[in-house]
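Asks: A structural model of the following input is requested.
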Amino acid sequence: MRVIITRPPFTDPKKGKERLTMRAKGSTNRLAVAVLAAGLLMLQGLLYAQTRPFEQLVPEDVTSFASVRNYRALVEKLKNTPYYALTREPEVKALVEQITGKFRQQLELSGRSWDIKLADVEGLLSGEIAMASVSKVEAQEPGMMAPMAFPRMQTAMLVLVDVGQNAPAAEQFIGRLLRIAEEEGVLKQTEEEEFRGHKIRRLTFDPLAFFWGGEKLELAHDLTGDEGLEELPPELQERLRELKAAGVGEAQNVYINLEGNVLAVETGGDRSLLERHLVLRDGGEMRALSQSVTYRRLTEMMDPDSDYITFQNLEPVWEQWKQMIGQASPFLPVNPVQVMEATGLLGLKAKVDSVRIEEDGILSESFVLAPAPRRGLLKAVVPAGRANVKPPAFVGQDVSLYCGAYFDVPTLWEEVKAAIKELSPQGYELMMQQINSPLVPFHVERDLIQTVGSHWFVYVPREFISPNPPREINALLAVELKDSRKLETRFQTLWAMAPLQAPDSTVEFMGKTIYQSPPVPLDRVPGFEVEMAPLRFSFVFADGKLIIATSTAMAKRAVRDSLRSESPLLQKAEFRATLLHMISRPESIYYMDLRAIGEAALKGVEKLMDLSEAKVSLPSYETLGKYLYVSATTTKWSEDGLHVKQWWAFPPE
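Replies: Numbers count the residues shown, from 1 in each chain. The predicted model follows:
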């Protein structure tokens with residue numbers, strides 16, 4: 001580039017000198033302004049990089065992303081929920097202390113003593129915390145011993161933390177942590193690297209050193225298979241087997257960058273994800289996740305005030321997976337890609353989830369991108385018209401679990417036939433010959449499959465186990481029928497053909513026949529008491545449905561209560577209040593009384609722990625029950641995919 005300096009013609013040398021002086025002063029002022037402007041621009045760029053949402057600081061091709069939008073704001077919200085009060089209960093504190101005590105025991109066995117407290121880490125967190133990852137599929141060669149050696153997933157992970165004004169404290173904490181790691185022999189090497197003016201620390205760790213030190217560590221590295229394991233303490237032998245099997249023995253690299261108010265940490269084979277993050281921080285020409293059409297499309301469906309959000313891009317993972325195993329293996333009868341395509345699961349393109357804490361509960365919302373047309377399993381769960389998942393009349397107010405869902409068996413059957421015909425034409429012909437054999441007393445497709453409807457219902461009352469002998473399990477599954485009379489006739493034929501029918505295999509009740517299966521003893525099932533009555537599945541046709549109950553008493557109850565005009569659950573205040581947070585006219589609904597489920601689950605866990613002789617004292621239900629209430633989930637399909645809403649209600653004060 002040429003620079004041409006021109007000087008105007010001056011007639012008066014004195015005046016010319018004066019003018020030159022003024023020009024020089026003006027140049028100095030302009031230079032000062034230019035320097036100031038450049039400084040402001042640099043400061044603006046730095047502040048912009050520090051305050052931008054992390055979705056703008058990770059590359060577009062990440063396969064997953066999760067973000068706590070504002071850690072401090074989330075903590076304050078959580079402190080106002082009943083769940084925070086639960087953590088302050090003495091019994092819960094005692095349980096946490098028991099668990100942490102066992103962890104400390106493991107550290108003592110390994111000879112390690114990490115003087116790091118959770119409060120040390122928590123004090124550094126200021127604003128957003130995010131995690132992004134890129135998953136790649138690596139091929140593995142199948143063989144005679146492993147014909148199902150599917151590709152292995154390798155993941156590079158980047159964690160971003162807004163430390164706010166705590167950057168000096170974060171630097172001190174990292175330094176202290178690395179000194180401890182080096183003293184304990186966990187940190188093998190630290191190197192300072194540079195990337196476009198940014199300092200990156202590469203840390204090389206010995207994973208096995210987290211568990212052993214000294215001679216034990218040397219032995220752990222030298223071991224091949226199970227040889228030499230007897231020289232380790234018995235409590236550590238199984239742990240080493242697990243670590244060796246998972247390939248944990250190899251050295252692992254971690255890359256750290258701390259600039260401004262952003263701490264960035266990458267784990268994986270290299271630092272490529274961290275490098276691209278730094279390019280985006282510098283305003284480099286690279287597309288960020290926030291510019292992804294799929295990401296923007298899905299996140300715009302979520303509440304912008306969400307406290308937490310996750311995103312998974314499944315399509316690139318599917319494509320890599322298909323390329324790796326696209327060639328048919330001589331050890332497999334069918335191509336795995338064709339099987340996955342037949343199920344319809346490859347139609348799941350992406351997914352987004354969000355969570356927001358409100359004053360009276362927690363709202364979670366999701367959307368699964370699965371555009372039409374669909375096939376396989378997905379096609380069977382998408383209603384052809386309007387779905388009706390309203391609780392049937394036999395569902396009472398005492399519900400601990402109610403589920404109403406759409407699932408079309410005839411559609412699934414047609415998809416299964418099409419898949420088998422595509423994968424194995426000869427197998428399809430053989431299957432159809434057997435189904436249409438004259439030896440079969442009825443037409444399987446016409447008289448069985450085509451009579452089953454599309455609406456399914458599950459009902460579990462609060463007394464899941466009868467309080468008085470005989471203690472029976474109480475639950476039922478019901479399916480709406482297109483032709484109840486025809487299916488019951490075919491069912492009677494099949495029932496008569498069943499071997500070893502007991503004299504009490506059928507019971508008459510209110511004009512209905514209840515068919516009872518042979519009893520199954522429950523006295524040896526873990527978690528159940530010895531006085532449990534045998535399990536007898538009961539089948540009955542009532543209210544245009546096939547009802548399958550876990551006890552005769554439950555089947556009788558369903559027959560009797562089906563005569564009601566509607567379910568009492570529809571008038572229950574708790575249920576009605578929950579619906580206000582749900583999707584309008586849903587195609588499936590799952591409603592739970594967490595008080596009843598929590599009580600039953602706690603009893604089951606206590607019994608299992610008694611059997612395993614685990615020395616851990618669980619909180620009583622009197623303590624836990626105060627913080628449990630109800631929750632619900634609803635779903636609805638559109639041309640683009642599946643919308644899901646979940647609500648966990650806080651107990652009223």
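Asks: ok, the closest residue to residue 458 other than its chain neighbours - contacts?
Replies: Take residue 458 and drop its neighbours on the chain: the residue closest to it by CB to CB, 6 or more residues apart in numbering is residue 403, 4.0 Å away. (C-beta placed from N, C-alpha, C; glycine too.) Going by CB atoms under 8 Å, 6 or more residues apart in numbering, residue 403 touches 456, 457, 458, 588, 589, 590, 591.
Asks: residue 350: which of the residues you listed is nearest?
Replies: Nearest to residue 350, judged by CB to CB, of the contacts of residue 403 is residue 588 at 20.9 Å.
Asks: ok, now how distant is the closest residue to that closest one other than its chain neighbours from residue 514?
Replies: Among residues not flanking residue 588 along the chain, residue 405 sits closest, at 4.0 Å (CB to CB, 6+ apart). Distance from residue 405 to residue 514, counting by CB to CB, to the nearest Å: 25 Å.
Asks: neighbour count winner among these two?
Replies: residue 514 (22 against 18; other CB atoms under 10 Å).
Asks: surely the more buried one touches residue 507?
Replies: Yes - using CB atoms under 8 Å, residue 514 makes contact with residue 507 at a distance of 4.5 Å.
Asks: shared neighbours of the two, anything?
Replies: With CB under 8 Å, 6+ apart as the test, residue 514 and residue 507 both reach 538, 552.
Asks: most neighbours among the contacts of residue 403, please name it.
Replies: residue 591 (25 neighbours).
Asks: and it, what helix or strand is that in?
Replies: Using DSSP states H and E, residue 591 sits within strand 588-593.
Asks: pLDDT averaged over the next helix or strand after that strand - what is it?
Replies: Helices and strands here follow DSSP H and E; after strand 588-593, the next one along the chain is helix 594-612. On average, the pLDDT along helix 594-612 is 81.
Asks: could the C-alpha coordinates of helix 594-612 be exported in PDB?
Replies: Taking Å, rounded to 0.1, in the frame of the first residue of the first chain, the C-alpha atoms of helix 594-612 are listed here in PDB:
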ATOM      1  CA  LEU A 594     -46.400 -39.300  45.200                       C
ATOM      2  CA  ARG A 595     -47.500 -39.700  48.800                       C
ATOM      3  CA  ALA A 596     -48.800 -43.200  48.200                       C
ATOM      4  CA  ILE A 597     -46.000 -44.200  45.800                       C
ATOM      5  CA  GLY A 598     -43.400 -42.800  48.100                       C
ATOM      6  CA  GLU A 599     -44.700 -44.800  51.100                       C
ATOM      7  CA  ALA A 600     -44.800 -48.000  49.100                       C
ATOM      8  CA  ALA A 601     -41.400 -47.400  47.600                       C
ATOM      9  CA  LEU A 602     -39.900 -46.700  51.000                       C
ATOM     10  CA  LYS A 603     -41.300 -49.900  52.500                       C
ATOM     11  CA  GLY A 604     -39.900 -51.900  49.600                       C
ATOM     12  CA  VAL A 605     -36.400 -50.300  49.900                       C
ATOM     13  CA  GLU A 606     -36.400 -51.000  53.600                       C
ATOM     14  CA  LYS A 607     -37.200 -54.700  53.100                       C
ATOM     15  CA  LEU A 608     -34.600 -55.000  50.400                       C
ATOM     16  CA  MET A 609     -32.000 -53.400  52.600                       C
ATOM     17  CA  ASP A 610     -32.900 -55.800  55.400                       C
ATOM     18  CA  LEU A 611     -32.300 -58.700  53.100                       C
ATOM     19  CA  SER A 612     -28.900 -57.200  52.000                       C
END
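Asks: how much space between residue 583 and residue 637?
Replies: Taking CB to CB, one finds residue 583 at 11 Å from residue 637.
Asks: now residue 584
Replies: 14 Å.
Asks: neighbour count for the two, which is higher?
Replies: Under the criterion of other CB under 10 Å, the comparison of residue 584 against residue 637 puts residue 637 first, with 20 against 7.
Asks: residue 623: neighbour count?
Replies: Counted by other CB under 10 Å, the residues lying close to residue 623 total 14.
Asks: buried sites along whichever strand or helix holds residue 135?
Replies: Using DSSP H and E, residue 135 maps to strand 129-138. Of the residues in strand 129-138, 129, 130, 131, 132, 133, 134, 135, 136, 137 count as buried by neighbour count, 16 or more other CB atoms under 10 Å.
Asks: flag the least confident of these.
Replies: On pLDDT alone, residue 137 ranks lowest of the buried residues of strand 129-138, at 66.
Asks: isn't residue 199 right next to residue 255, touching?
Replies: No - judged on CB under 8 Å, residue 199 makes no contact with residue 255 at a distance of 10.9 Å.
Asks: who's more crowded, the two?
Replies: Neighbour comparison, residue 199 and residue 255: the larger count goes to residue 255, with 22 against 12 (by other CB under 10 Å).
Asks: OK, contacts around the more buried one?
Replies: 200, 201, 202, 203, 265, 266, 267, 271, 274.
Asks: the helix or strand it falls within: partners in the sheet, and parallel or antiparallel?
Replies: Per DSSP H and E: residue 255 is located in strand 252-259. Counting by DSSP bridges, the strands paired with strand 252-259 are strand 198-205 (antiparallel), strand 262-267 (antiparallel).
Asks: so where is the stretch 451-600 of the chain shaky, pLDDT-wise?
Replies: Applying pLDDT under 70 to the stretch 451-600 of the chain flags the ranges 499-504, 523-530.
Asks: which stretches in the stretch 401-550 of the chain count as helices?
Replies: 409-423, 425-435, 444-447, 484-497 (DSSP state H, counting those that start in this stretch).
Asks: for the second one, which helices and strands make contact with it?
Replies: Spelled out, it's helix 425-435. The contact analysis (3 or more CB pairs under 8 Å, 6 or more residues apart in numbering; DSSP states H and E) places helix 425-435 against helix 409-423.
Asks: just the helices in the stretch 551-653 of the chain please.
Replies: Using DSSP H, counting those that start in this stretch, helices in the stretch 551-653 of the chain cover 552-561, 573-579, 594-612, 621-624.
Asks: if you count neighbours, what's buried in the longest one?
Replies: Neighbour-count burial for helix 594-612 flags 594, 595, 596, 597, 598, 599, 600, 602 (criterion: 16+ other CB under 10 Å).
Asks: mind putting those residues in TSV, distance to residue 576 included?
Replies: Shown next, in TSV, are these (distance: CB to CB, whole Å):
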residue	distance to residue 576
594	17
595	17
596	18
597	20
598	22
599	23
600	24
602	28
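Asks: closest one to residue 391 out of those, please.
Replies: Residue 391 lies nearest to residue 596 out of those, by CB to CB, at 16.2 Å.
Asks: now that closest one: closest residue in space that isn't a chain neighbour?
Replies: Going by CB to CB, 6+ apart, residue 596 has residue 400 as its nearest residue, at 3.5 Å.
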